[in-house]
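Asks: Return atomic coordinates for the entry below.
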Amino acid sequence: MTPAQLDKLDYPEYYQKYIRLLPQDDLLDLLSSQAAEMKEFISKLTNNDLKYSYAEGKWTVGQVLQHMLDNERIFQYRALCIARKDQSQLPGYDQDAYVSNSLIEERTTEDFKEEFEVVRNSGILLFKNFNEKMLRLRGSSNGYPLSTAAAGFIIVGHEKHHLNLFRSSYNL
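Replies: Next up is the predicted model:
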């Protein structure tokens, strides 16, 4: 499935800013290629880079990386619930609380690289085992409709968004 195959009812309009960043490639291909891109990106960082913020009040590199990991896990869980036809209302989450309570100062670039690899590989296997019917299923997340496939594309688009910010704002 490609981003163009999503329906407007598959996700809230807010996430369009992430999905429009994506090439029209298959979801599994996007997840895999981005895994390699993230591994390369993190490999170039130093532990000191993790503490860098480009402006007062903006998250540090380490905080953004943790946010990306948290977001990926949350959207993997949302995709799993929807694909398994769980009719529960999936909650939103407070990204600032997650970042504030994540012990960033104890993290290293090696630690982040390893975690990104494990989390993404888990997600690839998750989405690999969804068939077309499961990818098209819709549930409710944070009060809005969300399809299994859209959750996957949001993961990739969200990470792409932050990689772009690392390059433009953080000069990394």
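Asks: can I assume residue 17 is in contact with residue 160?
Replies: No - the criterion here is Cβ atoms under 8 Å, and residue 17 misses it with residue 160 at 10.4 Å. No exception for glycine: its C-beta is placed from N, CA and C like everyone else's.
Asks: which one is residue 171 nearest to, not counting chain neighbours?
Replies: residue 54 (7.5 Å; Cβ to Cβ, 6 or more residues apart in numbering).
Asks: The closest residue to residue 104 other than its chain neighbours: neighbouring residues, count only.
Replies: Using Cβ to Cβ, 6+ apart and skipping the chain neighbours, the partner closest in space to residue 104 is residue 62 (4.4 Å). The number of residues packed near residue 62 is 25, by other Cβ atoms under 10 Å.
Asks: And for the one 4 residues further on?
Replies: Burial of residue 66 is recorded as 23 neighbouring residues (other Cβ under 10 Å).
Asks: residue contacts, it?
Replies: 98, 99, 102, 104, 107, 112 (Cβ atoms under 8 Å, 6 or more residues apart in numbering).
Asks: so where is the chain shaky, pLDDT-wise?
Replies: By pLDDT under 70, the chain contains no weakly predicted segment.
Asks: And the strands in this protein?
Replies: Taking DSSP state E, the strands of the chain run over residues 89-90, 138-141, 144-147.
Asks: Please tell me how far stretch 93-112 is from the chain's geometric centre.
Replies: 15 Å (Cα atoms, centre = their mean, to the nearest Å).
Asks: Using CSV, write out every CA atom in that stretch.
Replies: The C-alpha trace of stretch 93-112 is given here as CSV (Å, rounded to 0.1, in the frame of the first residue of the first chain):
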residue,chain,number,x,y,z
TYR,A,93,-0.9,11.3,24.7
ASP,A,94,0.9,14.2,26.2
GLN,A,95,4.2,14.4,24.3
ASP,A,96,5.7,16.9,26.7
ALA,A,97,5.0,14.7,29.7
TYR,A,98,6.5,11.7,27.9
VAL,A,99,9.7,13.6,27.1
SER,A,100,9.9,15.2,30.6
ASN,A,101,9.8,11.7,32.2
SER,A,102,12.1,9.8,30.0
LEU,A,103,15.6,10.2,31.6
ILE,A,104,17.1,11.7,28.5
GLU,A,105,20.2,12.8,30.4
GLU,A,106,21.2,9.1,30.9
ARG,A,107,21.0,8.2,27.2
THR,A,108,23.8,7.7,24.7
THR,A,109,23.9,7.8,21.0
GLU,A,110,24.6,4.0,21.0
ASP,A,111,21.6,3.5,23.2
PHE,A,112,19.4,5.5,20.9
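Asks: who touches that stretch?
Replies: By Cβ under 8 Å, 6+ apart, stretch 93-112 touches 42-43, 45-47, 49-50, 59-60, 62-63, 65-67, 69-71, 74.
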